[in-house]
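**Student:** Show me how the following folds:
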Amino acid sequence: MMKSRFCLVSVVMVAALSACSSIDCPLNNRVMAVFRMAGTAAPLADTLTVSTTLSEAEGNDTVLVNRVTDADSIKLPMSYSRTSDTYIFSLIRKGAAVTVTDTVRVRKANIPHFESVDCNPSMFHTVQSVDYTRNAIDSIKINNEQVTFDVVKPNFLIYFKGSGD
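**Tutor:** Predicted coordinates:
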């Protein structure tokens, strides 16, 4: 009787363990837009700070990249559900005490993405357009309109005006 109970428990345990599957949910399911510096100003010799407006109605903002130098690319988070994101690029020109600020607005479509029912959902984005001021930025080109977990291919190529050095 004891032996049959042990066998039954063993069979149930093996069945339970084999029924479990290993699910590879992403540890960080936040997608990032990749801005790669391009042109003669790459890598960027100036000091760059990027912030965003969290709540346009309240005027709250947060710093996303703080005082980075010699950057060849930066990764910026995109909002989960808004149809546009606004980034404020502030450059302190190398060798000068002048701060030049540009505003970049990315309009996008949000696409829910599910890895598995056991994983938290992610939001992928399709970039529709990018508008920007031209104080320090010469131009921005959309290189890859699909913003996903893939951070190898940059989404934007950003060309800065020469720093004059």
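
**Student:** could you pull out the strands for this structure?
**Tutor:** 32-38, 47-55, 60-68, 73-77, 84-92, 99-113, 122-132, 137-142, 146-147, 156-160 (DSSP state E).

**Student:** pretty sure residue 138 contacts residue 159?
**Tutor:** Yes - at 4.4 Å, residue 138 and residue 159 qualify as touching, with contact defined as C-beta atoms under 8 Å. Where you see a C-beta, it was placed from the backbone N, CA and C, and this is true even at glycine.

**Student:** still on that earlier bit, quick check: which of the strands of the chain is nearest to residue 24?
**Tutor:** Closest approach to residue 24 among the strands of the chain (C-beta to C-beta): strand 122-132, 13.5 Å.

**Student:** List the buried residues in that closest one.
**Tutor:** Neighbour-count burial for strand 122-132 flags 122, 123, 124, 125, 127, 130, 132 (criterion: 16 or more other C-beta atoms under 10 Å).

**Student:** Please name the bridge partners of residue 158.
**Tutor:** According to DSSP bridges, the partner residues bridging residue 158 are residue 37, residue 140.
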